[in-house]
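Undergrad: With the input below, show me the fold.
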Amino acid sequence: MNKRIQDSEFSNLQRSRIAVPLMGTLVLLLAAYGALPTAYFVKAAPAANVQPRPVGAVTDTPAIAITNATATSGATPTTSAHEAQVQWSFGTVSGTYSSCTVQAKTSYDGTNYFTLGSPVTVTATTGAVNAWSLIEQLGTNSVTTSAASSTAALGFGQATAFNFSCASYGTAAPVNISVIYR
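TA: Numbering: from 1, shown residues only. Have a look, this model is predicted:
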């Protein structure tokens with residue numbers, strides 16, 4: 001009986017000598033993991049109008065000056081984007097703008113641009129708010145290969161911009177553009 005008690009005390013002592021270093025190692029690993037920086041999935045090049053947000057979103061307010069029938073916005077870095085929520089809010093419009101559209105375009109090399117999606121009809125009148133989404137095409141069960149094109153893209157490239165176009169136009173159509181890329 002006495003032998004069994006001694007063996008039991010010895011086993012407890014051995015267990016505690018092993019458990020203490022293991023617990024210390026576990027605490028150190030958890031502390032190291034907590035100190036790692038959080039990764040962002042969408043990275044944007046530094047620009048005054050680009051505001052990075054957590055959870056892989058980038059909000060942009062590209063500049064555009066609309067004074068005649070066509071205008072092109074500034075480009076936004078969109079290398080990791082898969083969708084965009086776009087809003088155009090017009091201020092005080094001078095003159096009449098009719099049959100207006102906005103066409104997204106994207107570039108894979110920073111120089112040549114391809115259309116992205118279809119043109120969207122927008123209302124260019126004082127106080128008008130126009131909102132729409134661009135969603136990259138994805139295969140559901142397998143890899144999908146598109147036909148080669150020299151004019152159209154199925155996904156976001158390095159940079160994305162917007163072309164504004166109207167059949168008839170006034171003298172000024174100030175607009176605030178807000179785009180959230182994910």
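
Undergrad: Next, Pro29: secondary structure please.
TA: I think there's a mix-up here, since residue 29 is Leu and not Pro. Under DSSP: H, G, I helix; E, B strand; the rest coil, Leu29 falls in the helix class.

Undergrad: cool, and the one 3 residues further on?
TA: Here Ala32 is recorded as helix under three-state DSSP.

Undergrad: what's the burial count for it?
TA: 9 (other CB atoms under 10 Å). From N, CA and C alone the C-beta is placed, and that goes for glycine too.

Undergrad: Give me the distance between it and Ile18.
TA: Computed as CB to CB, to the nearest Å, the Ala32 to Ile18 distance reads 22 Å.

Undergrad: Which neighbouring elements make contact with the longest strand seen in the chain?
TA: Counting residues, the longest strand found in the chain (DSSP state E) is strand 113-122. When contacts are defined as 3 or more CB pairs under 8 Å, 6 or more residues apart in numbering; DSSP states H and E, strand 113-122 packs onto strand 100-107, strand 129-135, strand 152-153, strand 159-165.

Undergrad: got a list of contacts for it?
TA: 86, 88, 100-108, 128, 130, 132, 134, 149-153, 155-157, 160-161, 164-165 (CB atoms under 8 Å, 6 or more residues apart in numbering).
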